[in-house]
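K.L.:
How does the following fold in three dimensions:
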Amino acid sequence: MSSQTTSSTWVNTNHPTPAGRPPASQVGVVGWLRTNLFNGFFNSILTIITLIVAYFVVTGAVRWLFNAYWAPVWANRKLFAVGPYPVDQLWQPALVLFMVTLLFGLSAGRWGSFLRSLAIGLGALLGVLALLPLGTQAQLVMAVALGLLIVGFVIGLRVAIGSRWLVLAWLISMPVTAVLLKGGIDLQRIGITWSFAPFVNPGLYGGLMLTMILAVVGITLSFPLGVLLALGRRSKLPVIHYFSITYIEVIRGVPLITILFLAMAMLPLFLPKGWDSPSGLVRVLTAITLFSAAYLAENVRGGLQALPKGQYEAADALGLRGWHKLRFIILPQALTKVIPAMVGQFIGLFKDTSLAALVGLLELVGVARAVIQQPEWLGVPGGVAKEVYIFVAFVFFIFSFGMSFASRKLETRLGVGKR
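P.N.:
Model prediction:
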């Protein structure tokens, strides 16, 4: 009997009973709900209250969305896109769009990663705009832009384009954009005047086009200036050190709207005698660039201070000096550490372009104010301000979310915050 018992125990030990399936209430959708939403009395009550509130909010928002009066937005879609830009010269912004989408496709194909994700989002947006009944010409422009984006992406995948050439192309695209939108080059002071179309006054730029110009140029110019100010604040040369500190602290202590008004009133005073007075667009771009550079300088300085001292010593040990030390060792690591802060600053700058409406520029918010005051909408019951401003807020959200999404993709690629 003892031997039989021992043998039975040995068999049971080496051949355990197969595990059964977990209860249906602990797996699948039911299990997730019980674990995350109904795992206790108070959590269950809170979940039910939240669902009730969400139901009323969502149903009310959807009901209002379908019953809202969107005619002002649709009737003024050209104003929201390019402002009062001359209708017979809209082919010039179209050329700019073609150039940018082609470069974007090339960059996405060549560099991939988060740019590829942004290219997909941009392609989807262009596809939707091409299908909307915006008019035959507008739909054709969006379709061609989408085609150029795809062609550029394919070329970027198959052709080994040097990164330096792509960066140079992006830098050249900025003055080319200015020439295309202006209609030529008008530098009478140095005797250079050439036009391929009637000149367009920068005061006629507006809508989303003007918002993008203010944001892109402001970000592009303020970034290197902010890096220089951050390096200058850590410089051992007293003149550079104290100048950088004074600039950063003074600009950060003044609101942007004050800088805008000062630029509109005082910028011509700092120009050489005899120079033409700059346009309102140039004044606002100057103010936005100088303002954003001070905040970017502090973000970059935080990244520089976060680097261990050993990194500087390692660069010295490798024999690197000056620019090479900053380019290959210090700045790549410092800028990587402050990507979230810098992107947050860029998003803030994009939204701060709305303040340009207070100094006379018709960017998105300025166009919205003008649309609300149009006589044909003054008799609408309840007004049209809600619909117009919600549309503008949605446009700002789309681009801000795009920058945030690109930032997360870049952080994932570079391993920011991971050991």
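
K.L.:
Sketch out the low-pLDDT regions of the stretch 51-200 of the chain for me.
P.N.:
Low-confidence segments of the stretch 51-200 of the chain (pLDDT under 70): 113, 189-190.

K.L.:
quick one, helices of it?
P.N.:
With DSSP state H, counting those that start in this stretch, the ranges of helices along the stretch 51-200 of the chain come out as 71-75, 77-82, 91-111, 113-131, 136-158, 163-182.

K.L.:
Reformat those into TSV and put distance to Val227 next to each item.
P.N.:
(C-beta placed from N, C-alpha, C; glycine too.) Below are the helices of the stretch 51-200 of the chain laid out as TSV (distance: least, Cβ to Cβ, whole Å):
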stretch	distance to Val227
helix 71-75	40
helix 77-82	33
helix 91-111	21
helix 113-131	21
helix 136-158	28
helix 163-182	16
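
K.L.:
how does the protein divide into domains?
P.N.:
As given by automatic domain parsing, the domain ranges for the chain are 68-85+204-419, 86-199.

K.L.:
Distance from the chain centre to the first one, please.
P.N.:
Here the centre of domain 68-85+204-419 is set off from its chain's centre by 10 Å, with Cα atoms, centre = their mean, to the nearest Å.

K.L.:
Against Val254, how distant is the closest residue to Thr286 other than its chain neighbours?
P.N.:
Nearest-residue entry for Thr286: Ala263, 5.4 Å, with adjacent residues in sequence omitted and distances by Cβ to Cβ, 6 or more residues apart in numbering. Plainly put, Ala263 is 12 Å away from Val254 if you go by Cβ to Cβ, to the nearest Å.

K.L.:
of the two, who's got more company?
P.N.:
Each of Ala263 and Val254 has its neighbours counted (other Cβ atoms under 10 Å); Ala263 has more, 24 against 13.

K.L.:
re the thing from before, among the helices of the stretch 51-200 of the chain, which is nearest Phe350?
P.N.:
With distances scored as Cβ to Cβ, the stretch of these nearest to Phe350 is helix 113-131 (14.7 Å).

K.L.:
which stretch of helix or strand covers Gln382?
P.N.:
For residue 382 the amino acid is Gly, not Gln. Using DSSP states H and E, Gly382 falls within no helix or strand.

K.L.:
isn't Ala108 right next to Phe153, touching?
P.N.:
Yes. Assessed by Cβ atoms under 8 Å, Ala108 is found in contact with Phe153 at 5.4 Å.

K.L.:
Now for those two: what residues contact both?
P.N.:
Counting by Cβ atoms under 8 Å, 6 or more residues apart in numbering, the shared contacts of Ala108 and Phe153 are Ala119.

K.L.:
all helices for the stretch 251-400 of the chain, in order.
P.N.:
Going by DSSP H, counting those that start in this stretch, the stretch 251-400 of the chain shows helices at 256-266, 280-306, 309-317, 322-325, 331-337, 339-352, 364-372, 385-414.

K.L.:
Go through the second one and flag the buried ones.
P.N.:
For helix 280-306, the buried set under the neighbour-count rule, 16 or more other Cβ atoms under 10 Å, comprises 280-281, 283-301, 303-304.

K.L.:
repeat for the first one
P.N.:
Residues Leu256, Ile259, Leu260, Ala263, Met264 are the ones in helix 256-266 that count as buried (16+ other Cβ under 10 Å).

K.L.:
Same question for the third one.
P.N.:
Judged by neighbour count using 16+ other Cβ under 10 Å, the buried positions of helix 309-317 are Ala315.

K.L.:
got a list of what Ala370 touches?
P.N.:
When contacts are taken as Cβ under 8 Å, 6+ apart, Ala370 is in contact with Leu79, Leu362.

K.L.:
If I look at it, what pLDDT would I see?
P.N.:
Looking at Ala370, its pLDDT stands at 93.

K.L.:
From Met264, how far out is it?
P.N.:
With Cβ to Cβ as the criterion, Ala370 and Met264 are 19 Å apart.

K.L.:
just Val282 next, same as before
P.N.:
Applying Cβ to Cβ, the value for Val282 to Met264 is 10 Å.
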